[in-house]
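**Q** here's my sequence, what's the structure:
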Amino acid sequence: MGFVVALLGAYLIGSIPFGLLLTRAAGLGDIRAIGSGNIGATNVLRTGRKGLAAATLVLDALKGVAAVLLMRWVAPEQDLVAGTAAVLGHTMPVWLGFKGGKGGATALGVCAAAMWPVALCCVALWLATAKLVRISSVATLVPMAASPLLALVFSDAEHALMALLVAVLVVWKHEGNIRRLLAGTEPRIGQGR
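**A** Sure thing, here's the model as predicted:
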């Protein structure tokens, strides 16, 4: 019973729409009516409020951390299951009709709490890719694609499987970005949509 409650708690933690809450609190209205319509940090950055975007990024990552730590308290061997539930909550929050963010920051938080060497590698990959191509979606997709292999190197097969599930979810949520990348119309960092 405790496991089920913790899993539900992890999903609900993940489903807190910090980008939406912060932009509304700042008087910017509904972030879903701006730019891509996404509730994540990249779209919050399109408001021109770097501080709000940074806060969204940090808070979305902390959702993943909190979910992993919550499950460790109840069932330590299931921490990544809770992390996956948090990413699912972020990407499909019940409060927003299951239309949420893309999960990159929350997935990073899960890695930071469950497999910190993988998280460090993912951050390095994100920074290098963002500097090289200056496209946020590519900078997110590259470390997500690498995370299962990194988990296998730094952890074990079970962690690699969970990293793969999270990566598939995040890549799936980037389907529109991938289509725009193939069409050559995906905006660069700092460029409006």
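**Q** so what pLDDT did R193 get?
**A** We note a pLDDT of 50 for R193 in this prediction.
**Q** return the distance of V110 relative to T23.
**A** Plainly put, V110 is 24 Å away from T23 if you go by C-beta to C-beta, to the nearest Å. All C-beta spots, glycine's among them, are computed from the backbone N, C-alpha and C.
**Q** who has more neighbours out of the two?
**A** When neighbours are counted by other C-beta atoms under 10 Å, V110 and T23 differ, and V110 comes out ahead with 34 against 25.
**Q** residues touching A26, list them.
**A** With C-beta atoms under 8 Å, 6 or more residues apart in numbering as the criterion, the residues that contact A26 are 49, 52.
**Q** list the helices and strands the helix or strand hosting H90 packs on?
**A** Element membership for H90, per DSSP states H and E: helix 79-91. With contacts defined as 3 or more C-beta pairs under 8 Å, 6 or more residues apart in numbering; DSSP states H and E, the secondary structure elements packing on helix 79-91 are helix 2-14, helix 50-74, helix 104-114, helix 157-173.
**Q** export the ones you listed to a markdown table and append columns for distance to C121 and mean pLDDT.
**A** Rendered in a markdown table, the data for those read as follows (distance: least, C-beta to C-beta, whole Å; pLDDT from 0 to 100):
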| stretch | distance to C121 | mean pLDDT |
| --- | --- | --- |
| helix 2-14 | 23 | 89 |
| helix 50-74 | 15 | 94 |
| helix 104-114 | 9 | 94 |
| helix 157-173 | 11 | 93 |
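**Q** any chance of these in TSV, plus distance to L182?
**A** TSV is the format used below for these (distance: least, C-beta to C-beta, whole Å):
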stretch	distance to L182
helix 2-14	29
helix 50-74	26
helix 104-114	19
helix 157-173	14
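**Q** so which of those is nearest V94?
**A** Evaluated with C-beta to C-beta, the helices and strands packed on helix 79-91 place helix 2-14 nearest to V94, the distance being 7.9 Å.
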